[in-house]
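Student: how would this look folded up:
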Amino acid sequence: MIQFKYTVSKQGKETSGVIEASSSTEAAEKLQEKGGYILELQQRFSFGLFNINGWLEKFFVPLSERMKSSEKIFFTAQLSSMLKAGLSITKAIEVFIDEKQTKASIPLRKIISKLESGKKLSEAFSTYPKIFDQVYINVVRSGEATGKLDESLDYMAKQLKQEYQLISKIKSAMIYPVVVLSAMVGVMSFIALSVVPKIVDFAKNAGAELPQITKILVAVTEFCRQFWPFFILVFLILTIVLWRLINTKKGKHFIDGFFLKIPIIGTLIRRYNQARFTRLLSGFFHYGISVDRAFEILADSLSNSFYSDACFRMKSKLMLGSSLSAVLTSEKDLFSAIMNQVVKGAEKTGTLDETLMKLAVFYEEELETSLNNLTSIIEPILIIFLGIGVIGIALSVIVPIYRVTSQLR
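Tutor: I've put the predicted structure just below:
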């Protein structure tokens, strides 16, 4: 038997543990029989009698249980189109496998086997929580219940595409400063370690006095050369400590709260979570997913723990009979007054799902504007840093050469 590490959400509480089964599919079925939503299910790898426990297990998740975001979008859209064309579910998945032939073909073939044994598509998908999250599974389950599976999959494909584009924009905005800073540090390090020492020796042999800026650069370079193993060790320790901290509930809560308070960065985090909250909730209402299930999935889907905790609080109030606008008002630190007013109006007109989708589009546009503003702020700051770095290196190199040539005259 193989050991699997799992995390399950049941009635708003997450429980983790280890279960034994002959395969990941059997492990998922055992957990489903107990009830709750599977948030994580992965094999515990071992060398002989020794298991790789803790955070190291995350680096050994089977690649066969992964699917690229772009590939999942194409798979979902194609599955929807083929179902509309009248193909059976198993035939539609087989067509995708034959066309793509990727690592995802392994779990997809197992899903076909599940379907042929009488399982529903949502049940087959739920055995691979790393590929199909709870949002995906519940939308599919709703489509099965209403007889509109093709429409549900089409909706899911559009949501996945929107999410993918949004994350791509965020990554693109972050890549620019990282690349520029990395190039600057690399060039400056090369000059400081390779060029400056030769010029210093040349100036000393000529009897010229080194300028103060060159002395400082030489001292810093020499310090780094002597203690570089220490810096690497400190960096590794800090990385491990930070990683462990992020993977604890209190640590993640502290870090999430810290980032929310940072100007601009905090706004980006708020806009992203507000956009995701409204877009997902719109789909849940449209497809008739129950309030308790919807808000449990929302809590698991939002990236910031403050928003996740707010979802659990709102769920409790909604189950007691409060309106959505009322519970949003109670979380005014996380959700804007505009959202509350718009939702209140939508509750009266009975167009809550449509209104939430419009709010999602609004917040996504706001997020894009904030990203553009961040780029506009970062560019002049980078130029200033680059200018200071270039001037410092130039003076460290040129001044000693100038003094030597002056003495030769």
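
Student: what residue ranges in this protein are flagged as low confidence?
Tutor: Filtered on pLDDT under 70, the chain yields the residue ranges 1, 9-14, 25, 36-40, 44-65, 101, 208, 407-409.

Student: tell me, what residue is most central in it?
Tutor: Of all residues in the chain, the one closest to the mean position by C-alpha atoms, centre = their mean is residue 303, 7.2 Å from it.

Student: pretty sure that one is touching residue 271, no?
Tutor: No. Residue 303 sits out of contact with residue 271 when judged by C-beta atoms under 8 Å, with a separation of 11.9 Å. From N, CA and C alone the C-beta is placed, and that goes for glycine too.

Student: which strands and helices sit next to the longest helix anywhere in the chain?
Tutor: Longest helix in the chain by number of residues, with DSSP state H as the criterion: helix 352-408. Using 3 or more C-beta pairs under 8 Å, 6 or more residues apart in numbering; DSSP states H and E, the elements in contact with helix 352-408 are helix 149-190, helix 196-205, helix 212-246, helix 265-286, helix 337-349.

Student: looking at it, residue 122 is touching residue 141, isn't it?
Tutor: Yes. Contact status for residue 122 versus residue 141: in contact at 4.0 Å, counting by C-beta under 8 Å.

Student: hmm, back to that, out of the helices and strands packed on helix 352-408, which is closest to residue 299?
Tutor: Between residue 299 and the helices and strands packed on helix 352-408, the shortest gap by C-beta to C-beta is with helix 265-286, which sits at 10.2 Å.

Student: And that closest one, what does it pack against?
Tutor: Packed next to helix 265-286, using 3+ C-beta pairs under 8 Å, 6+ apart, are helix 134-146, helix 149-190, helix 249-261, helix 291-301, helix 305-319, helix 352-408.

Student: Buried ones in it, by neighbour count?
Tutor: Within helix 265-286, the residues scored as buried using 16 or more other C-beta atoms under 10 Å are 267-286.

Student: now swap in stretch 93-112 and tell me
Tutor: Counting neighbours by 16+ other C-beta under 10 Å, one finds that the buried residues in stretch 93-112 are 93, 96, 97, 104, 105, 107, 108, 110, 111, 112.

Student: again with stretch 337-348
Tutor: Taking 16+ other C-beta under 10 Å as the basis for neighbour counts, the residues of stretch 337-348 that come out buried are 339, 340, 342, 343, 346.

Student: who touches the closest residue to residue 367 other than its chain neighbours in this structure?
Tutor: Counting by C-beta to C-beta, 6 or more residues apart in numbering, residue 367 lies nearest to residue 271, which is 4.0 Å off, once chain neighbours are set aside. Residue 271 is in contact with 363, 364, 366, 367, 370, counting by C-beta atoms under 8 Å, 6 or more residues apart in numbering.

Student: for those residues, which one is nearest residue 71?
Tutor: Lowest distance from residue 71 to the contacts of residue 271 (C-beta to C-beta) belongs to residue 364, with 23.0 Å.

Student: Roughly how far does the closest residue to the closest one other than its chain neighbours sit from residue 356?
Tutor: Excluding the flanking residues, the one nearest residue 364 by C-beta to C-beta, 6+ apart is residue 275, at 4.7 Å. Applying C-beta to C-beta, to the nearest Å, one obtains 11 Å for the distance of residue 275 from residue 356.

Student: on that earlier part again, I'd like the helices and strands packed on helix 352-408 written out as a markdown table, with distance to residue 292 added.
Tutor: As requested, those are arranged in a markdown table below (distance: least, C-beta to C-beta, whole Å):
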| stretch | distance to residue 292 |
| --- | --- |
| helix 149-190 | 20 |
| helix 196-205 | 65 |
| helix 212-246 | 28 |
| helix 265-286 | 11 |
| helix 337-349 | 19 |
